[in-house]
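*Asks:* Predicted structure and sequence below. I'll ask about it afterward.
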Amino acid sequence: MDRLRAFEVFVTVVSRGSFARAADALETSPANITRYVNELEAHLGTRLLNRTSRKLSLTEGGETLYSRCKTILEDVAETEGLVSTTSIEPRGRLRINAPVSFGVRHLAPLWPQFMQRYPDVELDIALIDRVVDIVEEGFDLAIRISRAGTADHAARKLATSKNFLCASPDYLDAWGHPESPADLIRHRCIGYTYAATADKWQLTDSHGKVRAVEVNCHMHTNNGDTARAAALAGHGVIWQPTFLIGDDLRAGRLVRVLPEYRLPDIDVLALYPSRRHVSAKVRAAIDFLVNAFAGVPPWDRA
């Protein structure tokens, strides 16, 4: 049995929804399609498809095999494309992970341009705020907001974002302006669940001395937009990046707190599993994003 052909037949049957339509797509007979599926099931020792007169459905084993076979066939097609003299265009499914707020605000407007430029690439975008294991969870590329970079994967820097403490004018009118980091203890603060320093905020003065302050967070959230909304409504002080709050600061909806103190900048990184054997689709996506964020970041251009 030609296993690669069997995988192709199986994936086509599932995607087309019938043996007959798969036969048309692959320009062969329904009998050949049936033979390949039967041989594949016999080889694996398990049923892959539940067949009725009206429809097909995948068994649990069939679902697992279908997902893996799609990836295998995409990799084969891409490998052929890399060495072919007639096709060097990126193609296949590209799974990308990004944080929710950054993904919605700064990446979502870019994807239509990418799809227009690379019509043979099928984008699969997952917005998740937790730090994912890109290898374990099957991502080709991850956009990560990080202070320390990464030692586990290859990475390319896309941009930098400043961090500021800020609050709404109404909140500061009611609670007063902190004059020193120690004053933050008496203020209502809104914490970010995934912050590396938790509720101990670190500020650097003009002499480079770091002040660590244990703040009183009456709210925590794993999403920056949620923290921003609470701050805009006058519920406390937040520590957030300019890619999220830059427009609010420029419009006066939020006001910087302790502006004489600095917070660590953060990098926007494109992470991928390895520098070796980078696929055409991943390389195209990284180059596209590097170009999109070149120069002054969009959140600071105004």
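*Replies:* On my side now, so go ahead.
*Asks:* contacts, neighbours, all on C-alpha from now
*Replies:* Fine.
*Asks:* residues near the residue lying closest to Gly17 once chain neighbours are set aside, how many?
*Replies:* Distances taken as Cα to Cα, 6 or more residues apart in numbering put Leu56 closest to Gly17, at 6.5 Å, once the chain neighbours are dropped. Applying other Cα atoms under 10 Å, we find 15 residues neighbouring Leu56.
*Asks:* Look up how far Ala167 lies from Leu56.
*Replies:* Per Cα to Cα, to the nearest Å, Leu56 is found 57 Å from Ala167.
*Asks:* And for Leu141?
*Replies:* Taken as Cα to Cα, the span from Leu141 to Ala167 is 34 Å.
*Asks:* Those two: which is more packed in?
*Replies:* Remark: of Leu141 and Ala167, Ala167 carries more neighbours, 28 against 24, as counted by other Cα under 10 Å.
*Asks:* doesn't Pro259 make contact with that one?
*Replies:* No: taking Cα atoms under 8 Å as the definition, Ala167 is not a contact partner of Pro259, at 11.8 Å.
*Asks:* Would you tell me what the next helix or strand after the biggest helix by length in the chain is?
*Replies:* Taking DSSP state H as the criterion, the chain has its longest helix at helix 60-83. As assigned by DSSP states H and E, the chain's next helix or strand after helix 60-83 is strand 92-98.
*Asks:* Could you check the angle that next one makes with helix 60-83?
*Replies:* 100 degrees (axes from the mean of the first three to the mean of the last three Cα atoms, to 10 degrees).
*Asks:* How confident was the prediction at Ser53?
*Replies:* Confidence at Ser53, expressed as pLDDT, is 68.
*Asks:* correction: Val83
*Replies:* Reported pLDDT for Val83: 60.
*Asks:* per the record, what domains does the protein have?
*Replies:* Domain ranges of the chain: 3-83, 92-153+273-295, 163-256, per automatic domain parsing.
*Asks:* could you redo those as TSV and give each row distance to Asp265?
*Replies:* Listed next are the domains of the chain as TSV, based on distance: least, Cα to Cα, whole Å:
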stretch	distance to Asp265
domain 3-83	37
domain 92-153+273-295	7
domain 163-256	6
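*Asks:* And those domains: which comes nearest Asp267?
*Replies:* Judged by Cα to Cα, the one of the domains of the chain that comes nearest to Asp267 is domain 92-153+273-295, at 5.3 Å.
*Asks:* and the closest one, how far out from the chain's middle?
*Replies:* Distance, stretch centre to chain centre, for domain 92-153+273-295: 6 Å (Cα atoms, centre = their mean, to the nearest Å).
*Asks:* Kind regards, and thank you for your time.
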